[in-house]
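Trainee: kindly generate the corresponding structure for this input.
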Amino acid sequence: MNDWVKAKVVGRHQWSEGLFSLQFEAPIAPFQAGQYIKVALEIDGERIGRPYSLVNAPGDRPLEIFFNEVPEGPLTPPLSTLGPGDEVWLTPKAGGIFTLETVRPATDLWLLATGTGLGVYLSILRTAKPWRDFRRVILIHGVRQASDLAYAETLAGIARRQGEQFRFVPAVSREEAPGALRGRITDLLAEGRLESHLGVSIHPSTSHVMLCGNSAMIKDVKAILEERGLVRHRRHAPGHYTTEQYH
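Mentor: A predicted model of the protein is given here:
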């Protein structure tokens, strides 16, 4: 993934302070839901790029990424100021193995995200595979403030199409929010409140869990899952949980 192609920004949305989506038109190769591309800008004579999961389904256009601005970072402050007509660089081929392609069908698919980790699941949920391979699909999105619960209309559309097969639980850690559980995903899981709320348990015989978000959440949830007998999924050694992190 060393080559680059030019992409034109065709859409921008600010969800809350420091939280953005950008849409691009660019000639990239076909990809699998769950994969990422690198997005780059020329900054002080250097091309600086970072990986971002694609939010759109593989057959949909424009391409879309979901990201938070890191004030001290070199890329996201200028990236967040772009608008329609501006240009960026993209890698022409997506990469990554955070997909369902090698995951065995099971009763329940659990999708656990913090922050912008939600984006990758939107791509997966817009394909047929999760609905064909799992009886229930459960999405948990953990944020600090309720204002960071993005893509509400998209999630509502998925819920309308999939009915009882889809469950969505927002988790807000720093304030009470209507319709959301209060607390961090790790605590909700460790205390049993998440599964009690849903009436569904995570178990190696019935569940596959995907984890995307900050490294602390992933580390802590991995420990909880492994205590229950779940093992990490690998392409050539199928397991019960799959992870993705960019740290």
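
Trainee: most residues in a single strand of the chain, which one?
Mentor: strand 5-16 (DSSP state E).

Trainee: I'd like the average pLDDT over the next helix or strand after that strand.
Mentor: Downstream of strand 5-16, the next assigned helix or strand under DSSP states H and E is strand 19-25. The pLDDT scores in strand 19-25 average 98.

Trainee: what's the mean pLDDT across stretch 115-135?
Mentor: 98.

Trainee: show the end-to-end separation of stretch 47-61, please.
Mentor: 25 Å (Cα to Cα, to the nearest Å).

Trainee: what are the bridge partners for residue 108, then?
Mentor: residue 136, residue 207 (DSSP bridges).

Trainee: picking up where we left off before, how far off strand 19-25 does the longest strand of the chain point, in degrees?
Mentor: 150 degrees (axes from the mean of the first three to the mean of the last three Cα atoms, to 10 degrees).

Trainee: mind giving me the packing neighbours of strand 5-16?
Mentor: The contact analysis (3 or more Cβ pairs under 8 Å, 6 or more residues apart in numbering; DSSP states H and E) places strand 5-16 against strand 19-25, strand 87-90. To be clear about C-beta, it is placed using only N, CA and C from the backbone, and glycine gets the same treatment.

Trainee: what ranges does this structure have for its helices?
Mentor: According to DSSP state H, the chain carries its helices in the segments 76-79, 118-125, 129-133, 152-162, 185-190, 193-198, 215-227.

Trainee: now the lowest-mean-pLDDT helix or strand in the chain: how far from the chain's centre is it?
Mentor: Ranking every helix and strand in the chain by mean pLDDT, DSSP states H and E puts strand 241-244 at the bottom, with a mean of 91. Distance, stretch centre to chain centre, for strand 241-244: 11 Å (Cα atoms, centre = their mean, to the nearest Å).

Trainee: likewise stretch 237-247?
Mentor: That offset, for stretch 237-247, works out to 13 Å (Cα atoms, centre = their mean).

Trainee: ok, now which residue in the protein is the farthest from the centroid?
Mentor: residue 45 (31.4 Å; Cα atoms, centre = their mean).

Trainee: mind checking how far stretch 105-121 is from the chain centre?
Mentor: 7 Å.

Trainee: and that stretch, which residues are buried?
Mentor: Within stretch 105-121, the residues that count as buried by 16 or more other Cβ atoms under 10 Å are 106, 108-121.

Trainee: cool, stretch 123-141 as well?
Mentor: Buried residues in stretch 123-141, counting neighbours by 16+ other Cβ under 10 Å, are found at 123-127, 129-131, 134, 136-141.

Trainee: for the protein, which spans come out with low pLDDT?
Mentor: Flagging of the chain using pLDDT under 70 yields the residue ranges 1-2, 245-247.

Trainee: hmm, try it at 80
Mentor: 1-2, 244-247 (pLDDT under 80).

Trainee: mind giving me the domain ranges of it?
Mentor: 5-90, 106-244 (automatic domain parsing).
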